[in-house]
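Enquirer: Test case, fold it:
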Amino acid sequence: MEPSLESSDTQVNQQYSYNAGKRLFDFFLAFLASVVLAPVLLGVALAIVVDDRGPIFYRGSRVGQWGRPFHMWKFRTMLVNADKIGGSSTPEDDPRITRVGRVLRKYKLDELPQLFNVLEGSMSFVGPRPQVKWAVDLYSEEERQVLTLKPGISDLASLRFPNEGEILAGSDDPDRDYMELIHPEKMRLSLEYLRRRSFLFDLRIIAETVWTVIVR
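Expert: This next block holds a predicted model:
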């Protein structure tokens, strides 16, 4: 039986309400977190300057919703111009990582500036982690469905792989091993989120992310 026009309109309205509510939630939570964590942000910035005397932030080019490119903010954890002397995947033992950078990566503090991405609307708290263009170019037609979603700070894949660097440690080709060892499961989980997404599911992922960071 063909779905009725009324049923289709209801689904569209529900999706619109979900997206509008998600954006409102993201903005206020990001604003609150930015204010509360301001001392931490300042402390990390000072630590980076004292340790390496280079730029505080790294603006990585990523592919966002609908395939649009954007710059993802992170605290810099690697040598200046690290992207020009190595691949985009980073093993735990990567020599490009700075001394302070290792601590920031261990406790996910390098991800905190993505609160600014959430405030501007290029990212959400929950959504598939954004990828570099060369990886997105390799997506299958099914995998490209995740580009209909706004990328997030955390998702199911982030919980499954809390430290990708450990898996890639010792690799002679981290980008290749990432695509073989991590990418397939991350995409499966991203597609699962696409099917199951809801406000309550987002809250659950946020809570589990905070718990995972604390436990680590």
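Enquirer: could I get the helix or strand hosting residue 204 in CSV with only the CA atoms?
Expert: Under the criterion of DSSP states H and E, residue 204 resides in helix 199-215. Output of helix 199-215 as CSV, limited to C-alpha atoms (Å, rounded to 0.1, in the frame of the first residue of the first chain):
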residue,chain,number,x,y,z
PHE,A,199,16.3,13.7,20.9
LEU,A,200,16.4,11.1,23.6
PHE,A,201,19.0,9.0,21.7
ASP,A,202,21.1,12.2,21.4
LEU,A,203,20.9,12.7,25.1
ARG,A,204,22.0,9.1,25.7
ILE,A,205,25.1,9.5,23.4
ILE,A,206,26.1,12.8,25.1
ALA,A,207,25.8,11.2,28.6
GLU,A,208,27.8,8.1,27.5
THR,A,209,30.4,10.3,25.9
VAL,A,210,30.9,12.3,29.1
TRP,A,211,31.1,9.1,31.1
THR,A,212,33.7,7.6,28.7
VAL,A,213,35.9,10.6,28.9
ILE,A,214,35.7,10.6,32.7
VAL,A,215,36.5,6.9,33.0
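Enquirer: Leaving out chain neighbours, which residue sits closest to residue 173?
Expert: Nearest residue to residue 173 in three dimensions, chain neighbours excluded: residue 87, at 7.8 Å (C-beta to C-beta, 6 or more residues apart in numbering). Quick note: C-beta positions are derived from backbone N, CA and C, even for glycine.
Enquirer: what's around that neighbour, how many residues?
Expert: 19 (other C-beta atoms under 10 Å).
Enquirer: which SS class is it?
Expert: Three-state assignment for residue 87 (DSSP: H, G, I helix; E, B strand; the rest coil): coil.
Enquirer: Contacts only, for it.
Expert: 173, 174, 175 (C-beta atoms under 8 Å, 6 or more residues apart in numbering).
Enquirer: re the thing from before, tell me which residues in the helix holding residue 204 are buried?
Expert: The neighbour-count check on helix 199-215 (16 or more other C-beta atoms under 10 Å) flags 202, 205, 206, 209, 213 as buried.
Enquirer: and that helix, what does it pack onto?
Expert: Helix 199-215 is packed against helix 5-36, strand 124-126, strand 152-154, helix 156-160, with contacts defined by 3 or more C-beta pairs under 8 Å, 6 or more residues apart in numbering; DSSP states H and E.
Enquirer: could you redo the ones you listed as TSV and give each row mean pLDDT?
Expert: Shown next, in TSV, are the helices and strands packed on helix 199-215 (pLDDT from 0 to 100):
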stretch	mean pLDDT
helix 5-36	83
strand 124-126	97
strand 152-154	97
helix 156-160	95
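Enquirer: worst-scoring helix or strand of the chain, pLDDT-wise?
Expert: For the chain, using mean pLDDT, DSSP states H and E, the weakest element among its helices and strands is helix 5-36, scoring a mean of 83.
Enquirer: Any regions of the chain where pLDDT drops low?
Expert: The chain contains residues with pLDDT under 70 at 1-14, 216.
Enquirer: now do 50
Expert: For the chain, applying pLDDT under 50 flags no range at all.
Enquirer: show me the contacts for the residue nearest to residue 152 when sequence neighbours are not counted.
Expert: Excluding the flanking residues, the one nearest residue 152 by C-beta to C-beta, 6+ apart is residue 127, at 2.9 Å. For residue 127, the contact set (C-beta under 8 Å, 6+ apart) comprises 149, 150, 151, 152, 155, 193.
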